[in-house]
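Chemist: Got a sequence here, can you build the structure:
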Amino acid sequence: MTRNLPVRSRSAFDAAGFAGTLDTLVAQTQKLYLADGVPWVVGYSGGKDSTAVLQLVWAALAGLSPEQRTKPVHVISTDTLVENPVVAAWVTHSLDVLSASAAEQDLPITPHRLTPSVTDTFWVNLIGRGYPAPRPKFRWCTERLKIKPSNAFIRDMVRSHGEAILVLGTRKAESAGRSHRMTALESRRVRDLLSPNDSLPNCLVYSPIESWSNDDVWTFLMQRPNPWGYSNKELLTMYQGASADGECPLVVDASTPSCGDSRFGCWTCTLVDKDKSMSAMIQNDEEKEWMLPLLDLRNELDVADDRHLRDFRRMNGSVQLFHDRPIPGPYTQEARERWLTRLLEAQAWIRENGPHYVRSLELITLAELEEIRRIWVVDKHEFEDNMPRIYEATMAEKYPGRPLDEHLPLGPETVEVLRSIAGEDRLHFELVRELLDIEQRQRAQARRAGLFESLEKALRRGFYDDEADATARAHHRRSAMDRSAARSTSPEEPDPLDLADGFVRPTNAGVGQ
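Modeler: Below you'll find the predicted structure:
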């Protein structure tokens, strides 16, 4: 009887063999490098694909004479500041080793660790501004944490040199979507092997391993030593630790899972159902149990219905309806202060109980804490200034930030008196607090430009009795808008939209705007 054997997946090494394929790729890379004076930018994450590409580029440069190695090659690695700590440490050390080895081997390779600007970081947006945890329909993190830092570096290269060539480890086998996009770009190649980049003008993309499978990548990494002295076997071990079954086979058949399914990313990511890589690391290695507080915090952020944590008003103070319910806005002050507390508690616990190499782990930087404090006090008028108190209570040490330059209108004791007078009426407490803050800041200015706009904005935000009142007024406003659309308004009469929330306004700007 004939057995149905699984079909082996096609390898990029089938046609010319392993050595022949690599020799061809290295020669191809050398030819592209020598073709012009356009600088190269290699994207490096420390993962398997980017490591394989960097090894190919390294081998190509090492095979050229010193006189030919005149064009700079920049290796950029973007640290979102919320990367899996194990992977982040691996990449940071890799860049240090890479820099030293490139100098020792006289190669024009310069590594760069890129980070988002302090105003764009994950915690400044979530804890400071109150952005809710990212969701597929509100994916605010990717652009700020990953795309902007790398694009800014590449645009600087383009401004300085007119063009830049981006060398990436993208592969068609990663996903059907990736394959489709790469194939579409192939048809628009303006030079041999170089595809355009739609988001970066004058930037061309070279993807030398685009036809490789996951197994091709691992075969290459295990058979060709890392030229800058890092350990590819340790990289394999890291991927193994991030796989649920702890296995990472290199030669597989159609029924065998590949190690390429292990994906690393931000430990705070709520765009996936579960952080499988961190969970597997903890499961497979008792020494990684110090990451449990991170996993717990990530799971707390991933709440299906977080309305109880969020304001019923949008970021600009408007009330907008969807299915007759207010669209929830940013996290409330209470929720933001709780997220900060939980984050600092996790940091303190890891420093106290984790292995020696995480005793100085920094989950949030001082620069981020200072920016969050500024947003709370200045932008959100929360002049209680609770940042130092929360930090000192959780970290058991004095808050290391600078004194606030702002003159706070009320001391903490007076704020508590105001809070006790307001009782459970959170909206009116926030309104009075904001009005006091506006008055104090305007008093110190020679010109009071914008005073009335600021006061009107505060009154619009705090006008309602509660969420039910705001919802009723939003319904009334929507009905008025429907009536207004059905008939033209007489110029002698007040616009119904101006009467929709109970008082006539000097402008036509609505509460929902």
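Chemist: correct me, but residue 366 touches residue 401?
Modeler: Yes. Residue 366 is within contact range of residue 401, at 6.5 Å (criterion: C-beta atoms under 8 Å). Any C-beta I mention is one placed from the backbone N, CA and C, and that applies to glycine too.
Chemist: Chain neighbours aside, what residue packs nearest to residue 194?
Modeler: Excluding the flanking residues, the one nearest residue 194 by C-beta to C-beta, 6 or more residues apart in numbering is residue 204, at 4.1 Å.
Chemist: Double-check that that neighbour belongs to a strand.
Modeler: Yes. The assignment for residue 204 (DSSP: H, G, I helix; E, B strand; the rest coil) places it in a strand.
Chemist: How many neighbouring residues does it have?
Modeler: 20 (other C-beta atoms under 10 Å).
Chemist: unless I'm mixing things up, it is touching residue 162, no?
Modeler: No. The pair residue 204 and residue 162 does not pass the contact test of C-beta under 8 Å, sitting 11.8 Å apart.
Chemist: Quick check: neighbours shared by the two?
Modeler: residue 38 (C-beta atoms under 8 Å, 6 or more residues apart in numbering).
Chemist: on that earlier part again, next one: the residue nearest to residue 194 from residue 281, what distance?
Modeler: With distances taken as C-beta to C-beta, to the nearest Å, residue 204 is found 37 Å from residue 281.
Chemist: ditto for residue 171
Modeler: Shown here: residue 171 relative to residue 281, a distance of 24 Å by C-beta to C-beta.
Chemist: so where is the chain shaky, pLDDT-wise?
Modeler: Counting by pLDDT under 70, the ranges of the chain that qualify are 1-9, 172-192, 242-264, 405-409, 411, 444-446, 488-513.
Chemist: Tell me how far residue 229 lies from residue 101.
Modeler: Applying C-beta to C-beta, the value for residue 229 to residue 101 is 5 Å.
Chemist: Give me the more crowded residue out of the two.
Modeler: Each of residue 229 and residue 101 has its neighbours counted (other C-beta under 10 Å); residue 101 has more, 17 against 12.
Chemist: OK, contacts around the more buried one?
Modeler: When contacts are counted by C-beta under 8 Å, 6+ apart, residue 101 touches 227, 228, 229.
Chemist: now swap in residue 162 and tell me
Modeler: Residue 162 neighbours (C-beta under 8 Å, 6+ apart): 38, 202.
Chemist: For residue 17, the count of nearby residues, please.
Modeler: Neighbour count of residue 17, defined by other C-beta under 10 Å: 10.
Chemist: do the same with the one 10 residues further on
Modeler: By the other C-beta under 10 Å criterion, the neighbourhood of residue 27 contains 12 residues.
Chemist: what's the helix or strand for the closest residue to it other than its chain neighbours?
Modeler: Closest residue to residue 27 apart from its sequence neighbours, by C-beta to C-beta, 6+ apart: residue 60 at 8.0 Å. Element membership for residue 60 (DSSP states H and E) is helix 48-62.
Chemist: Okay, buried residues for that helix please.
Modeler: 48-61 (16 or more other C-beta atoms under 10 Å).
Chemist: Any chance of the residues you listed in TSV with distance to residue 375 as columns?
Modeler: Below are these laid out as TSV (distance: C-beta to C-beta, whole Å):
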residue	distance to residue 375
48	38
49	37
50	34
51	38
52	41
53	39
54	38
55	43
56	44
57	41
58	43
59	48
60	47
61	45
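Chemist: what's the closest of these to residue 389?
Modeler: Nearest to residue 389 among the buried residues of helix 48-62, counting by C-beta to C-beta, is residue 50 at 42.8 Å.
Chemist: For the closest one, give me its contacts.
Modeler: Counting by C-beta under 8 Å, 6+ apart, residue 50 touches 42, 43, 44, 168, 169.
Chemist: Highest neighbour count among those?
Modeler: residue 44 (27 neighbours).
Chemist: Residue 424 versus that one, what's the distance?
Modeler: In terms of C-beta to C-beta, residue 44 sits 54 Å off from residue 424.
Chemist: same check, this time on residue 221
Modeler: 61 Å.
Chemist: And residue 58, by the same measure?
Modeler: In terms of C-beta to C-beta, residue 58 sits 64 Å off from residue 424.
Chemist: For the stretch 151-300 of the chain, which segments are assigned as strands?
Modeler: For the stretch 151-300 of the chain, applying DSSP state E, counting those that start in this stretch gives strands covering 164-167, 195-196, 203-206.
Chemist: contacting residues for residue 462?
Modeler: Residue 462 neighbours (C-beta under 8 Å, 6+ apart): 427, 428, 430, 431, 434.
Chemist: Keep only those of these that are in helices.
Modeler: Among the contacts of residue 462, DSSP state H puts 427, 428, 430, 431, 434 in helices.
Chemist: Identify, from these, the entry nearest to residue 235.
Modeler: Relative to residue 235, the closest of these is residue 430; by C-beta to C-beta it sits at 50.7 Å.
Chemist: Leaving out sequence neighbours, find the closest residue to the closest one.
Modeler: residue 462 is the one closest to residue 430 (C-beta to C-beta, 6+ apart), at 5.9 Å.
Chemist: how close does the one you found sit to residue 425?
Modeler: Separation of residue 462 from residue 425 (C-beta to C-beta): 10 Å.
Chemist: Residue 305: how many residues sit nearby?
Modeler: 7.
Chemist: Which residues are in contact with residue 354?
Modeler: Counting by C-beta under 8 Å, 6+ apart, residue 354 touches 290, 361.
Chemist: Can you give me the first-to-last residue distance of stretch 112-130?
Modeler: 31 Å (C-alpha to C-alpha, to the nearest Å).
Chemist: And stretch 31-44, by the same measure?
Modeler: 22 Å.
Chemist: Name the residues of that stretch that are buried.
Modeler: Within stretch 31-44, the residues that qualify as buried by neighbour count (16+ other C-beta under 10 Å) are 32, 33, 38, 39, 40, 41, 42, 43, 44.
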